[in-house]
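Student: okay, here's the prediction I keep looking at, along with the sequence it came from:
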Amino acid sequence: MAGNRIPVVLIAGFLGSGKTTLLNHLLRAGRDTRVGVIVNDFGSINIDALAVAGQVDSMIPIENGCLCCAADASELDAMVDRLARPSAGIDVIVIEASGLAEPQSMIRMLLASEDERIIYGGLVEVVDAAEFDATRDRHPEIDRHLRAADALVLNKTDRMDAAAAQRVLETVRGIAPGTPVVAAEYGRVDPAFLFEERTGPADRAGYHQLSFADLCTEDHDHTDCHEAGGHLHAAYDSVEFTSELPLHPRRFLDLLDTRPAGLYRVKGFAAFAPDPDRRYGLHAVGAFLRFTPTPWPAGEPRRTQLVLIGTGIDTAALKEALAACVEPDPAGVEEHLMLGVLRYVDQPAEEHRDPRDDAAPYED
Ligand SMILES: Nc1nc2c(ncn2[C@@H]2O[C@H](COP(=O)(O)OP(=O)(O)OP(=O)(O)O)[C@@H](O)[C@H]2O)c(=O)[nH]1
């Protein structure tokens, strides 16, 4: 009976748009809803999974490759099935796609699922309002992603003035006419916008959830884009970096401050030699850079783990440069060298922002 099926909601959006932040918000705000989560990150270190761990009823991380490139749907099917088993008591399953995912491929997999306990609950596309024009210039295929969405979250509106936000809103509405759009800061949207309304009656105004047939019509487009290199993956490389020894703050900051424009996304956790008791969550999205220090969770190794994603980057040189940031003699590094890092730490002045809404894990 379709009415009892567990909806599977897909959250997608370009690199750094705020998918994990939105997911963390939903997990906290939708207290009465038991959410099962599948998190698919681009690299082999699943930073996103680390960022939601501990806040979720049931989570399955997927590393090493984007789900949308999986040859068949069976892997995804098996995971969804695990979460949908009655003993898990899950009300809704949310899949966070990687920032380079091709949402149509994932929708197709979900619609093809023969699991009778689930039903595709729609695609929610997160848009970074502040980066929207630049991202669209580089990747016109983003329009196709917006058109596949059932709901759009225009995120990061705090990073621009009201007129600019309105202009982006109108552009987005023009690309995907009829699709509900909600403006948000730090992914703070009413969970009902994603969970209940998205899985509501298919005939209400504005609702145009894609059917399998719609996707097959777009297949042509999709195949072409894979082959012609239009798929977002085709243009991007990633570097993963792990170190058991802490980093030298100045050397690491120099590397970040001079990062090439193509290095669009950096995320992870850093350990710095002069501040051994704190773990520095790190996010760079385009030119934006921020560190979020929190105490190291008890029992967790004080290890630096980073994922760097970019286009036209020299991955070998980047790995070498990162290795050169490792400090073999942590005790000899002076504390004042942390000042450069602290420039990128948010001050508590951001009163209206609940820091727990950030993608970094605050619930130690
Ligand atoms: N100013 C501002 N920053 C935000 C907002 N939402 C998210 N961020 C920040 O943007 C950065 C990236 O957020 P994430 O939630 O990790 O983005 P993501 O889409 O999951 O990233 P990928 O999985 O790498 O594609 C983090 O530093 C967030 O704190 C927002 O509304 N305003």
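Tutor: Okay, I see it. Numbering: from 1, shown residues only.

Student: drop to CA atoms for contacts and neighbour counts, all remaining ones
Tutor: Noted.

Student: can you list the residues of the stretch 201-350 of the chain near the ligand?
Tutor: Neighbours of the ligand within the stretch 201-350 of the chain, by CA under 6 Å from any ligand atom: His283.

Student: so what's the closest residue to the ligand within the stretch 201-350 of the chain up against?
Tutor: Relative to the ligand, the nearest point of the stretch 201-350 of the chain is His283 (4.6 Å; CA to the nearest ligand atom). Applying CA atoms under 8 Å, 6 or more residues apart in numbering to His283 gives the contacts Arg265, Val266, Lys267, Gly268, Leu289, Arg290, Phe291.

Student: ok, Asp143 next?
Tutor: When contacts are counted by CA under 8 Å, 6+ apart, Asp143 is found next to Arg136, Ile175, Ala176.

Student: give me the subset of the contacts of His283 that lies in strands.
Tutor: Arg265, Val266, Lys267, Gly268, Leu289, Arg290, Phe291 (DSSP state E).

Student: so which of those is the most crowded?
Tutor: Gly268 (26 neighbours; other CA atoms under 10 Å).

Student: circling back to that earlier point, so which of the contacts of Asp143 is the closest to Leu306?
Tutor: Proximity of those to Leu306 (CA to CA) peaks at Arg136, which lies at 26.1 Å.

Student: what's the burial count for the nearest residue to the closest one once chain neighbours are set aside?
Tutor: For Arg136, ignoring the flanking residues on the chain, the nearest one in space by CA to CA, 6 or more residues apart in numbering is Ile142 at 6.2 Å. Neighbours of Ile142 under the rule other CA under 10 Å: 20.

Student: rewinding a little: identify the farthest-apart pair in the contacts of His283.
Tutor: Arg265 and Phe291 (13.6 Å).

Student: name the next helix or strand downstream of the helix or strand of the chain with the lowest mean pLDDT, please.
Tutor: Sorting the helices and strands of the chain by mean pLDDT, DSSP states H and E puts helix 212-227 at the bottom, at a mean of 43. As assigned by DSSP states H and E, the chain's next helix or strand after helix 212-227 is helix 232-235.

Student: need the CA coordinates for stretch 145-154. CSV is fine.
Tutor: Included here for stretch 145-154 are C-alpha records, laid out as CSV according to Å, rounded to 0.1, in the frame of the first residue of the first chain:
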residue,chain,number,x,y,z
HIS,A,145,19.5,19.8,-12.1
LEU,A,146,17.2,22.6,-11.0
ARG,A,147,14.6,21.5,-13.5
ALA,A,148,14.7,18.0,-12.1
ALA,A,149,14.0,19.2,-8.6
ASP,A,150,10.7,19.0,-6.7
ALA,A,151,11.7,21.7,-4.3
LEU,A,152,14.5,24.2,-4.2
VAL,A,153,16.3,25.6,-1.2
LEU,A,154,17.9,28.9,-2.0
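
Student: pLDDT on it, on average?
Tutor: For stretch 145-154, mean pLDDT is 95.

Student: ok now it, how far from the chain's centre?
Tutor: Centre-to-centre, stretch 145-154 and its host chain are 15 Å apart (CA atoms, centre = their mean, to the nearest Å).

Student: quick one: contacts of that stretch?
Tutor: Residues contacting stretch 145-154 (CA under 8 Å, 6+ apart): 102-104, 122-129, 169, 172, 175-176, 179-184, 187, 194, 198, 207-210.

Student: quickly note the distance from the residue of the stretch 201-350 of the chain closest to the ligand to Ala149.
Tutor: 26 Å (CA to CA, to the nearest Å).

Student: okay, now the unreliable bits of this protein?
Tutor: Scanning the chain for pLDDT under 70 picks out 1-3, 43-58, 61-65, 70-72, 196-230, 347-364.

Student: still on that earlier bit, give me the subset of the contacts of stretch 145-154 that lies in helices.
Tutor: Pro103, Gln104, Leu169, Val172, Ile175, Leu194 (DSSP state H).

Student: so which of these is the most crowded?
Tutor: Comparing the ones in helices among the contacts of stretch 145-154 by number of neighbours (other CA under 10 Å), Pro103 comes first, having 26 neighbours.

Student: all strands of this structure, in order?
Tutor: Going by DSSP E, the chain shows strands at 6-13, 35-40, 58-62, 92-96, 118-128, 151-155, 181-183, 236-243, 265-270, 278-285, 288-295, 304-311.
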